[in-house]
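Colleague: I would like to see how this sequence folds:
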Amino acid sequence: MTVLHSPNQNQLLAALPASEFARLSSYLELVPMPLGESYYESNGKLQHVYFPTTSIVSLRYMMENGCTAEIAGVGNEGMLGISVFMGDKALPKQAIVRTVGYGYRMKARLLLEEFNRAGTFQQLLIRYTKSLIIQASQVVVCNRYHSVEQKICRWFMHNYEYIAANDLSVTQEILSSVLGIRRNILTEALRKLREAGLINYYGGHITMLNIQNVEDHACECFRMIESSVNRMPKQSDSNPMHENVIALSMASSDGISRISYRVL
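Modeller: Presented below is the predicted three-dimensional model:
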């Protein structure tokens with residue numbers, strides 16, 4: 001099976017003028033982003049920044065007792081590594097892949113050099129950072145005022161917006177950690193959603209049976225966050241699709257999976 005990958009699958013990169021993209025493209029490297037991969041821990045510094053295309057990274061805050069909760073998600077609309085130009089204090093406690101996929105990475109020092117050019121890339125990164133702050137702030141409000149069922153549906157819809165799939169590969173253990181909800185409370189909330197005909201779940205998979213109904217049950221935070229994301233610039237009509245497309249071929253023989261790349 002061959003899967004095509006392109007930097008254009010990331011909205012920040014797709015919004016770049018052709019001239020800036022041509023300069024950045026030589027710095028970009030396609031990398032797999034496996035489930036559970038941690039890109040930095042508390043007080044760590046990023047050596048690379050990441051532009052997810054088909055993966056989603058969970059930004060989490062960790063308490064002193066080890067409990068964690070997600071404060072934001074980074075998908076194909078953005079970038080992991082705003083601390084490179086915002087300073088280390090902008091670093092959340094953890095960044096862990098919660099949806100397996102791919103992305104493009106760039107060395108942190110090269111990104112900072114591009115940021116300091118004060119071109120379109122800098123403007124895009126600042127606007128994205130504002131969007132990320134809105135998301136984190138809205139999650140705080142959500143955790144304080146909305147029901148467990150509303151928060152779960154909000155999280156489901158965010159995933160749907162990122163990957164456009166109604167089937168999520170996530171265990172209750174991971175979902176409990178991401179949302180900061182005790183396992184027994186989460187199990188009861190999922191049971192209610194299943195009985196209401198919104199979802200089905202089995203063996204680490206959750207399927208949204210009716211996307212519109214799930215969205216209707218999500219709290220207002222989902223629409224607030226999506227509104228901030230949708231205000232991000234999209235690919236301009238005057239900026240044709242960048243041509244740096246990579247064909248990823250996956251083959252298996254003798255039980256061993258092999259991955260190869262071709263630039264088209």
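Colleague: all contacts plus neighbour counts: C-alpha atoms, from now on.
Modeller: Will do.
Colleague: what helix or strand is Ala72 on?
Modeller: strand 68-74 (DSSP states H and E).
Colleague: go on, Leu59?
Modeller: Per DSSP H and E: Leu59 is located in strand 56-62.
Colleague: which strands and helices sit next to that strand?
Modeller: Packed against strand 56-62 by the contact rule (3 or more C-alpha pairs under 8 Å, 6 or more residues apart in numbering; DSSP states H and E) you find strand 68-74, strand 94-99.
Colleague: Adding distance to Glu220, write the ones you listed out as TSV.
Modeller: Putting those into TSV (distance: least, C-alpha to C-alpha, whole Å) gives the following:
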stretch	distance to Glu220
strand 68-74	16
strand 94-99	23
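Colleague: quick one: low-confidence parts of this structure?
Modeller: Low-confidence segments of the chain (pLDDT under 70): 1-3, 41-44, 88-92, 228-264.
Colleague: and the gap between Arg183 and Val74?
Modeller: For Arg183, the distance to Val74 (C-alpha to C-alpha, to the nearest Å) stands at 24 Å.
Colleague: Might you report the residue contacts of Ala189?
Modeller: Counting by C-alpha atoms under 8 Å, 6 or more residues apart in numbering, Ala189 touches Val148, Glu149.
Colleague: okay, the angle between the helix or strand harbouring Arg144 and strand 56-62?
Modeller: In the assignment (DSSP H and E), Arg144 maps to helix 120-145. Comparing the axes of helix 120-145 and strand 56-62 via axes from the mean of the first three to the mean of the last three C-alpha atoms, to 10 degrees yields an angle of 60 degrees.
Colleague: Now do whichever helix or strand comes after helix 120-145: everything it contacts.
Modeller: Downstream of helix 120-145, the first helix or strand assigned by DSSP H and E is helix 148-163. With contact meaning C-alpha under 8 Å, 6+ apart, helix 148-163 is reached by 54-56, 75-77, 142-143, 165-166, 168, 179, 181, 186, 189-190, 193, 211, 214-215, 217-219, 221-222.
Colleague: Partner strands of whatever helix or strand comes next after helix 148-163, with direction?
Modeller: Once the chain leaves helix 148-163, the next helix or strand it forms, by DSSP H and E, is strand 167-169. In the sheet, strand 167-169 lines up against strand 205-208 (antiparallel) (DSSP bridges).
Colleague: can I get the CA coordinates of the following helix or strand past the strand it pairs with in CSV?
Modeller: Once strand 205-208 ends, the next helix or strand along the chain (criterion: DSSP H and E) is helix 211-217. The C-alpha trace of helix 211-217 is given here as CSV (Å, rounded to 0.1, in the frame of the first residue of the first chain):
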residue,chain,number,x,y,z
ILE,A,211,-21.5,12.9,14.2
GLN,A,212,-24.3,15.6,14.4
ASN,A,213,-25.7,14.1,17.6
VAL,A,214,-22.2,14.0,19.2
GLU,A,215,-21.7,17.6,18.2
ASP,A,216,-25.1,18.6,19.6
HIS,A,217,-24.1,17.0,22.9
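Colleague: which helices and strands does the very next helix or strand once past helix 211-217 pack with?
Modeller: Remark: after helix 211-217, the chain's next helix or strand is helix 220-230, criterion DSSP H and E. In terms of contacts (3+ C-alpha pairs under 8 Å, 6+ apart), helix 220-230 is packed against helix 120-145, helix 148-163.
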